[in-house]
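Novice: Pasted the sequence and its predicted model underneath.
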Amino acid sequence: MLKTLVTIGALQIVTMLFQLVRTKTLALLLGPEMVGAMSVIDKLLAVIVQTVSLSLPFAALRFLPERWSIGPGEYRALFRKMRNLLLLLILLTTAGALAVNALRPAVWGAQLLPYRGALTAALLGLPVLGLIPFLQNAIAGRLEQNRAMLIGLLNAVVLALAAAGVWWRGLPGYYIAYAGLGLVLAAAVSRIATRGTPAPAAAPAPGSLFGLPPALWRFSTALIVLTFLSPYAALFVHYHLLRDHGAATAGWMAAAAGIGLSVRTVIGSAHSVFLTPNVNRGGSADDRMAWANRFQRVFCLIAGLVVPPLLLFPGLAVRLLYSSAFLPGAAFVTLFVLLEVVNLLSGTYQSLVIALDRMGVHVANNLASQLLVVAVASQLVKPLGILGAGLALLAAPIFMTVATLIFLSRAYRLRVPAGIVLLSASVVLALTAAGLTGAYARGALVPVLLIKGAVYAAIVGGFFALLTADERRRLRETLGGWRRRLFPAAS
């Protein structure tokens, strides 16, 4: 598992490099104000596309791995029906959203009226935003995590190329370029998803709507409210920050949040392309819990070793990914990185609730967590600005972690081993320590570097001490294998 996660992480680092090109280009050419407006537009698009997608991208991870295990023909049949329904829904929604933006633009909120042209261009990309996550998850549903990661890499390349559209027509040019290039990518990936899969001989099950199984409809129906409220809560936070503190402040928060998303990109993709498909392959609740625990342990070790260096130099990270104009956001990088890491820590066990078909519990917990975000944001965003927004968003994964673990314990007597609880807490403490050191270590360059180096060395030593003898052996083997591949002459 360690080797698989390291390979996924390596692919994600390459993906992040292309995202860096995109982010840097947009930051330099647009500036904090337009980047702040863009962050709100993107959250609005997420509300639209996630609501009308009927959770089909997520359902691909839930249902396609089992179909693939039965046979490629079964996988192909379900994939094509899901894809066609999703495409129909997205195209109808795109037409409706464009009509609303032309006739009643105030529906989106008064703060977005100055950016009406950019929003029109952004709406053209709704089909891409709906299809690419579904197609990537469908590839993961074939239990081909490396190929699924490659799709994510290609999407990052498309985003980087689309950033050149800013030279042509500003922010609308970026959205138009992404819509065109993204459709080409979606068409190609759609063909790859069915490669080597014969057409099934069996007809659709009687009474199934659009040929989709009733279980999938129950899954999507259970999530319909959540697919709206979850992105809406994020939109609520960003929109209120834009309204109360201006577009430049929204841009500074976008920089801090963007670094958090970069961390998620590098260490979090294994959740969707590796963890979720495997816990949905079948088995008892105890077997799935044991698999999730093994995954969580390896994930904690990777997060604890990879992320702290970034938090030790938050200003450098902001300059690298954005520009010096976004430096006020550096003070909040640790908060948004913690947000993403806690989200991932919680997500490991949320995947079990879904795999065990307890969708009512999953939806209820998520609805409560998103309502908590809205409630906290309504009280903290105006007086605290970016800090209040970050704390509001962080409330959701903290609540979900507690609620999910309580449910698994009471319903299935599944408990997280004390060692993994200690490891998870160590990750949070290590990131917090690195963030505080990065924020408050000031003075001459050499002493500051020595202090930060000492803090990171202590973190590495602490995590190494938590490794079992078998894990240390496998870590040495994995690193040795990578060394031999990168430096064959030295071997």
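Specialist: Thanks, I have the structure now.
Novice: Could I get the average pLDDT for the top helix by length along the chain?
Specialist: Determined from DSSP state H, the single longest helix within the chain is helix 2-52. On average, the pLDDT along helix 2-52 is 85.
Novice: Please list all residues in contact with residue 65.
Specialist: Going by CB atoms under 8 Å, 6 or more residues apart in numbering, residue 65 touches 140-143, 277-278, 280-281. Backbone N, C-alpha and C define where each C-beta goes, glycine included.
Novice: rerun that using 7 Å as the cut-off
Specialist: 141, 143, 277, 280-281 (CB atoms under 7 Å, 6 or more residues apart in numbering).
Novice: What helix or strand is it located in?
Specialist: helix 56-70 (DSSP states H and E).
Novice: how far off helix 2-52 does that helix point, in degrees?
Specialist: Per axes from the mean of the first three to the mean of the last three CA atoms, to 10 degrees, the angle that helix 56-70 makes with helix 2-52 is 130 degrees.
Novice: which parts of the helix or strand following helix 56-70 are buried?
Specialist: Tracing the chain C-terminally past helix 56-70 and defining elements by DSSP H and E, one meets helix 72-103 next. With burial defined by 16 or more other CB atoms under 10 Å, the residues of helix 72-103 counted as buried are 72, 74-83, 85-87, 89-90, 93-94, 97, 101.
Novice: And the contacts of residue 65, which of them are buried?
Specialist: 141, 143, 277, 280.
Novice: My guess is the third one contacts residue 139. True?
Specialist: No. In this structure, residue 277 is not within contact of residue 139 by CB atoms under 7 Å, at 10.1 Å.
Novice: any idea how far residue 411 is from residue 223?
Specialist: 19 Å (CB to CB, to the nearest Å).
Novice: neighbour-wise, which of those two wins?
Specialist: Taking neighbours as other CB atoms under 10 Å, residue 411 and residue 223 compare with residue 223 leading, 22 against 13.
Novice: Once you drop chain neighbours, what's closest to the more buried one?
Specialist: Among residues not flanking residue 223 along the chain, residue 55 sits closest, at 4.2 Å (CB to CB, 6 or more residues apart in numbering).
Novice: Report how many residues lie close to that neighbour.
Specialist: 20.
Novice: ditto for residue 325
Specialist: 19.
Novice: And residue 104, by the same measure?
Specialist: Residue 104 has 9 nearby residues by other CB under 10 Å.
Novice: Residue 116 now?
Specialist: 14.
Novice: Any idea how many residues pack against residue 219?
Specialist: 21.
Novice: again with residue 433
Specialist: 19.
Novice: do the same with the one 5 residues further on
Specialist: The number of residues packed near residue 438 is 24, by other CB under 10 Å.
Novice: before we move on, which element is it in?
Specialist: Counting by DSSP H and E, residue 438 is part of helix 418-440.
Novice: What residues sit buried inside that helix?
Specialist: 420, 423-424, 426-428, 430-431, 433-435, 437-439.
Novice: Show the contacting residues for the residue nearest to residue 223.
Specialist: 219-220, 223, 227.
Novice: need those in a markdown table with distance to residue 65 and secondary structure, can you?
Specialist: Output for the contacts of residue 55, formatted as a markdown table (distance: CB to CB, whole Å; DSSP: H, G, I helix; E, B strand; the rest coil):
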| residue | distance to residue 65 | secondary structure |
| --- | --- | --- |
| 219 | 14 | helix |
| 220 | 17 | helix |
| 223 | 18 | helix |
| 227 | 21 | helix |
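Novice: Show me which of those is closest to residue 452.
Specialist: residue 227 (41.6 Å; CB to CB).
Novice: so how far is stretch 185-194 off the chain centroid?
Specialist: Relative to its chain's centre, stretch 185-194 lies at 21 Å (CA atoms, centre = their mean, to the nearest Å).
Novice: ok, the contacts of residue 65 vs residue 416, which is closest?
Specialist: Set against residue 416, the nearest of the contacts of residue 65 by CB to CB is residue 280 (19.8 Å).
Novice: Hmm, residue 64 and the closest one touching each other?
Specialist: No. Judged on CB under 7 Å, residue 280 makes no contact with residue 64 at a distance of 8.8 Å.
Novice: can you put the contacts of residue 65 in a markdown table and add secondary structure?
Specialist: Below are these laid out as a markdown table (DSSP: H, G, I helix; E, B strand; the rest coil):
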| residue | secondary structure |
| --- | --- |
| 141 | helix |
| 143 | coil |
| 277 | helix |
| 280 | coil |
| 281 | coil |
